[in-house]
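[1] Based on what follows, work out the 3D shape:
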Amino acid sequence: MDSRNGSKHVSRIRILSLGNSGVGKSCLIKRYCENRFVNKYIPTVGIDYGSTNVDVDGRKVSVHFFDTSGSPLFEEVRSEFYRDMQGIMLTYDVTDRSSFIALDAWLAELRHNLGSPNEWNLTVIVCGTRTDTGGTGGRQVSEADGRGWADKHSFSHVLTSAALGNGISHAFHTLFVQALQMKDGIRQPGVAGGAIDPDIIQAIHRLTHAIDDFDKMGINRRSISRDEVNKAYRRLAALVHPDKCKAPGAEEAFKALTQARNNLLKIMTETTV
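    As a prediction, this is how the structure comes out:
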C-alpha cells in the first residue's frame, strides 16, 4: 500500500488458486510475485498466504493470494475461503491430462460451495501450466482442448510457463482486471467473457478508475496535441457512448471521458496563451 495516497485509493482483492496437486499453482504465484522459478516441488499443506501491491491500469491494488493444496484431504479447509474471494485461478498441467480432466471435479466443488455460476460474486480464469513441456510425458493437452473447456464455462483461458516466465503477467493481469470489474459491478456473474467486447470493458475500467486524465484517454503527455486529444476522444466515445453501449458503467465512463477531454484541451489552451 502506498501510504502517500492513503488507503482509500487502494483496492483490495483476494485470489484463490485451485487445481490438482503438482500442477504448479505455487510456482505461478512465486514467479509473478518474486520473478523467480523454484524447480523443487514442495506440496502445499492446507493453504499458503501471501500478498503484494500492484498497479492495474493506473489503479493501486493490494492483492492477497490464498494458495491451496490440491489434495482432497483439504477440501473442508478450502471451503472456508470461497465466499471471501474476488478471483479464482483454476489450474491444470498441459503435460498431465488427468489434471485437465479433473477441472470438472474442481468446477463441481465450486458449485457445491457457491451455487450456480449466476450466483458467483467472483471471476474465474483457467491457466494451463508447463507449456515449455519440460515434463517427461510431453504435452498431453492441446491449446484447443484447454480453450474449449474454458469457453464452454465462460472463463478466460491463458497458457503459462513458470520456468520461462511465459504468459505469467498476462494471466495475472487478466485475473486482476476481471476481479476488479466483478467487484465494481462492471462484469456480471454467469456472463460469458465474450458477451461484452473486451475493448469496451477495458475502456470503462480505465475511464472510471485511472486518476490521471492522460491515462484515462491513453495519451502520451510528451506528444500531446489537440488533434491527438480529439482522436482519442472519438475512439473511446465510439466504445462507451451510452446511446450505443449498454454495458454497466458506460454512462459514468462517458462522463469521465468528456471531462478528461475538456481538462486536457483547457491545459493546452492555457499553455499557448
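[2] Skip the chain neighbours and tell me the closest residue to residue 199.
    Excluding the flanking residues, the one nearest residue 199 by CB to CB, 6 or more residues apart in numbering is residue 239, at 6.0 Å. Bear in mind the C-beta positions are built from the backbone N, C-alpha and C, glycine included.
[3] Surely that neighbour is in contact with residue 245?
    Yes: using CB atoms under 8 Å, residue 239 is in contact with residue 245, at 6.5 Å.
[4] Please enumerate the shared neighbours of those two.
    Both residue 239 and residue 245 are in contact with residue 200, where contact means CB atoms under 8 Å, 6 or more residues apart in numbering.
[5] any idea where the helices of this protein begin and end?
    Counting by DSSP state H, one finds helices in the chain at the ranges 25-34, 75-79, 97-101, 103-114, 143-152, 168-184, 198-209, 213-217, 226-240, 250-272.
[6] At the geometric centre of this protein, which residue sits there?
    residue 175 (1.7 Å; CA atoms, centre = their mean).
[7] what residues are up against that residue?
    Taking CB under 8 Å, 6+ apart, we find residue 175 in contact with 15, 87, 89, 123, 125.
[8] again with residue 170
    Residue 170 touches residue 158, counting by CB under 8 Å, 6+ apart.
[9] for the stretch 51-200 of the chain, which spans come out with low pLDDT?
    For the stretch 51-200 of the chain, the stretches with pLDDT under 70 are 70-74, 134-137, 186-198.
[10] ok, back up a step: tell me which of the helices of the chain lies nearest to residue 52.
    helix 25-34 (4.9 Å; CB to CB).
[11] Just the buried residues of the closest one, please?
    25-32 (16 or more other CB atoms under 10 Å).
[12] Check whether residue 210 really touches residue 58, as I assumed.
    Yes: at 3.7 Å, residue 210 counts as touching residue 58 under the criterion of CB under 8 Å.
[13] Could you tell me which residues touch both of these two?
    The contact lists of residue 210 and residue 58 share residue 216, where a contact means CB under 8 Å, 6+ apart.
[14] Neighbour count: those two, which is higher?
    residue 210 (18 against 14; other CB atoms under 10 Å).
[15] Any figure for the gap between the more buried one and residue 93?
    As defined by CB to CB, to the nearest Å, residue 210 lies at a distance of 37 Å from residue 93.
[16] Then residue 75?
    According to CB to CB, residue 75 and residue 93 sit 20 Å apart.
[17] higher neighbour count, those two?
    Between residue 75 and residue 93, counted using other CB under 10 Å, the more crowded position is residue 93 (25 against 14).
[18] so what's that one up against?
    If you count contacts by CB under 8 Å, 6+ apart, residue 93 has them with 20, 22-24, 99-100, 128-130, 135, 141.
[19] Repeat that for residue 236.
    Residues near residue 236 by CB under 8 Å, 6+ apart: 203, 207, 217-218, 257.
[20] For residue 240, which non-adjacent residue is spatially closest?
    residue 253 (4.4 Å).
[21] per-domain residue ranges of the protein.
    Structural domains assigned to the chain are 7-184, 198-272, following automatic domain parsing.
[22] Would you mind confirming that residue 139 makes contact with residue 95?
    Yes: using CB under 8 Å, residue 139 is in contact with residue 95, at 5.9 Å.
[23] returning to what we had before: among the contacts of residue 236, which one lies nearest to residue 158?
    Nearest to residue 158 among the contacts of residue 236, with distances taken as CB to CB, is residue 203, at 21.3 Å.
[24] Hmm, that closest one is touching residue 238, no?
    No: between residue 203 and residue 238 there is no contact, the gap being 9.5 Å when judged by CB under 8 Å.
[25] returning to what we had before: can you list the buried residues of helix 25-34 in JSON lines and add pLDDT and distance to residue 68?
    Converted to JSON lines, those look like this (pLDDT from 0 to 100; distance: CB to CB, whole Å):
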{"residue": "25", "pLDDT": "87", "distance to residue 68": "7"}
{"residue": "26", "pLDDT": "87", "distance to residue 68": "10"}
{"residue": "27", "pLDDT": "88", "distance to residue 68": "14"}
{"residue": "28", "pLDDT": "89", "distance to residue 68": "13"}
{"residue": "29", "pLDDT": "89", "distance to residue 68": "11"}
{"residue": "30", "pLDDT": "87", "distance to residue 68": "15"}
{"residue": "31", "pLDDT": "89", "distance to residue 68": "17"}
{"residue": "32", "pLDDT": "90", "distance to residue 68": "16"}
